[in-house]
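> sequence first, predicted coordinates after that:
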Amino acid sequence: MKPIIIFASGTGTNAAAIIAHFKNNGRARVALIVCNNPDAGVLDIARKEEIPYLLIDRQTIKQTLLVEQMADYKPSMIVLAGFMWKIPEHIVNAFPGKIINIHPALLPKYGGKGMYGHHVHEAVVAAGEKESGITIHYVNEHYDEGNIIVQAHCAVAQTDSPDSLAAKIHKLEHFYFPKTIEFLLDSMY
Ligand code: GAR
């Protein structure tokens with residue numbers, strides 16, 4: 001089973017969807033969760049699923065020890081599932097072509113620093129966009145700029161609020177993210 005490392009900062013519904021997907025089909029397993037927020041819901045998921053986790057801070061993410069700890073798990077893929085910090089260059093370089101992110105909008109629109117989670121949906125609704133969606137992309141040293149792997153679209157109704165749009169986006173994420181990870185893992189080797 002190919003080991004996956006998940007980075008997450010929040011509730012962890014995407015992490016839960018990925019864990020459940022691979023628990024069911026046995027093609028990969030979430031071997032480690034890396035989190036920067038001691039209050040994050042994703043840590044409850046890690047504890048419940050008995051998945052080891054690392055709690056990191058602004059200092060530890062800069063240190064080579066984290067790369068060494070990650071390398072111990074021999075990850076086939078590193079998945080950012082709602083991780084709100086930029087991945088430093090030394091981590092990107094340590095795992096070339098293996099780090100992917102999910103963004104809750106159609107990049108290159110609504111990406112970059114400060115564009116995460118609810119802020120994205122607020123901006124999309126405020127701009128009166130007729131559609132939004134998700135972008136799964138490789139991670140490079142710049143926010144939201146790596147090569148795009150897949151995008152999925154949804155309509156934004158005039159009556160949509162940031163909350164109702166977030167619910168639509170989460171549905172797309174939970175459907176496409178695990179399948180995309182599996183597709184990438186299958187095509188890697
Ligand atoms: C997801 O919608 C994800 O796309 C977004 O955070 C949410 C996390 O939800 N990521 C970003 O905004 C990254 N720039 P979750 O904790 O329920 O998986």
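The structure has been received and is ready for your questions. Numbers count the residues shown, from 1 in each chain.
> neighbours of the residue of the chain found nearest the ligand, how many?
With Cβ to the nearest ligand atom, the shortest gap between the chain and the ligand falls at residue 82, namely 2.6 Å. Any C-beta I mention is one placed from the backbone N, CA and C, and that applies to glycine too. If you count neighbours by other Cβ atoms under 10 Å, residue 82 ends up with 23.
> which pLDDT value goes with it?
Residue 82 is assigned a predicted lDDT (pLDDT) of 97.
> likewise for residue 122?
98.
> contacts only, for residue 34.
Neighbouring residues of residue 34 by Cβ atoms under 8 Å, 6 or more residues apart in numbering: 5-8, 53-54, 56, 66, 70, 83.
> actually residue 69, not the one I wrote
residue 54.
> which element, helix or strand, includes it?
With secondary structure defined by DSSP states H and E, residue 69 is part of helix 64-71.
> same thing with residue 187?
Counting by DSSP H and E, residue 187 is found in helix 162-188.
> can I have the helix holding residue 69 written out in CSV, keeping just the CAs?
Extracted as CSV, the C-alpha positions of helix 64-71 are listed here (Å, rounded to 0.1, in the frame of the first residue of the first chain):
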residue,chain,number,x,y,z
THR,A,64,15.2,19.7,8.0
LEU,A,65,14.0,17.5,10.8
LEU,A,66,10.5,17.6,9.4
VAL,A,67,11.7,16.5,6.0
GLU,A,68,13.6,13.6,7.7
GLN,A,69,10.5,12.7,9.7
MET,A,70,8.4,12.7,6.5
ALA,A,71,11.0,10.7,4.5
